[in-house]
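> how would this look folded up:
(chains A and B)
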Amino acid sequence: DTGVSQDPRHKITKRGQNVTFRCDPISEHNRLYWYRQTLGQGPEFLTYFQNEAQLEKSRLLSDRFSAERPKGSFSTLEIQRTEQGDSAMYLCASSLVVGGYTFGSGTRLTVV
Amino acid sequence: GQQLNQSPQSMFIQEGEDVSMNCTSSSIFNTWLWYKQDPGEGPVLLIALYKAGELTSNGRLTAQFGITRKDSFLNISASIPSDVGIYFCAGQLSGGSNYKLTFGKGTLLTVNP
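Next up is the predicted model:
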């Protein structure tokens, strides 16, 4: 068990560019979550997958955001046409059932 | 959306002192969780509470799930320098959205050696 792995750890991009982040959950976990955290705030829920099905998307996720979990294993989060307001830490987490998740170390996005 | 009020926002203490922080909500939660986050890392689960009134310990950490299910507290005894970090409470609802966590804004703990 290597925990939840996220890649890259840091990403600096120019406004208007597209970015994609990857999350590899704990292998036996069927639930996967994406959260976003800005400075001085707690993480905020973005989206949830059970196996390959995306069961909920937060209103925080504009049309520029898309997440996938094609085979029920790893997941990707893509942001198109990035804006400065997208700068944040993007956290992935996984769990087996209801209860405490295991978070990854996050991807820090800076849009310049 | 849901809001958790976490206090205090920050604490500066001397090594060896005990610490207490709490979290309140206007809504009832089914589960309360306490996480610690170090700079540049994701939150790490410290304690999970599943029943109203439950008191749970993890080493020097003790947390309680309030009887009203609208609050929780975390105590750290005999603090040490590695306790430095941001502590978050998180609540989890029952029912259809029971997979979502609602986080407080965190308590920044600084321990002076």
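
> so where's chain A uncertain?
A:1, A:98-99 (pLDDT under 70).

> Spell out which residues of it are next to chain B.
By C-beta under 8 Å from any C-beta of the partner chain, the residues of chain A that approach chain B are A:4, A:6, A:31, A:33, A:35, A:40-45, A:48, A:50, A:55-56, A:91, A:93, A:95, A:98-106, A:108. Heads up, the C-betas are built off the backbone N, CA and C, glycines and all.

> List the contacts of whatever residue of chain B ends up closest to chain A.
Using C-beta to the nearest C-beta, the closest approach of chain B to chain A is made by B:Phe103 at 2.9 Å. Taking C-beta atoms under 8 Å, 6 or more residues apart in numbering or on different chains, we find B:Phe103 in contact with A:Gly42, A:Pro43, A:Glu44, B:Leu4, B:Tyr35, B:Phe88, B:Cys89, B:Ala90.

> and chain B, which of its residues are near chain A?
B:4, B:6, B:31, B:33, B:35, B:40-45, B:48, B:50, B:88, B:90, B:92, B:97-106.

> ok, of those residues, which come out buried?
B:4, B:6, B:31, B:33, B:35, B:41-43, B:45, B:48, B:88, B:90, B:92, B:99-106 (16 or more other C-beta atoms under 10 Å in any protein chain shown).

> Excluding chain neighbours, what is closest to residue 65?
You didn't say which chain, so I picked chain A. In space, and not counting its chain neighbours, A:Phe65 is closest to A:Ile79: 5.6 Å by C-beta to C-beta, 6 or more residues apart in numbering or on different chains.

> Not quite, go with chain B.
Closest to B:Phe65 by C-beta to C-beta, 6+ apart is B:Leu49, at 3.8 Å.

> Pull out the buried residues from stretch A:102-112.
By neighbour count with 16+ other C-beta under 10 Å, stretch A:102-112 contains the buried residues A:Thr102, A:Phe103, A:Gly104, A:Ser105, A:Gly106, A:Thr107, A:Arg108, A:Leu109, A:Val111.

> end to end, how far does it reach?
Distance across stretch A:102-112, first residue to last, is 30 Å (C-alpha to C-alpha, to the nearest Å).

> Distance from the chain centre to it, please.
Distance of stretch A:102-112 from the chain centroid (C-alpha atoms, centre = their mean, to the nearest Å) equals 8 Å.

> now swap in stretch A:64-83 and tell me
On C-alpha atoms, centre = their mean, the centre of stretch A:64-83 falls 7 Å from the chain's centre.

> before we move on, what about stretch A:37-57?
On C-alpha atoms, centre = their mean, the centre of stretch A:37-57 falls 7 Å from that of its chain.

> buried stuff in that stretch?
Quick answer for stretch A:37-57 (16+ other C-beta under 10 Å): A:Gln37, A:Gly42, A:Pro43, A:Glu44, A:Phe45, A:Leu46, A:Thr47, A:Tyr48, A:Phe49, A:Glu56.

> Out of the buried residues of stretch A:102-112, flag the one nearest to chain B.
Of the buried residues of stretch A:102-112, the one sitting nearest to chain B (C-beta to the nearest C-beta) turns out to be A:Phe103, at 3.6 Å.
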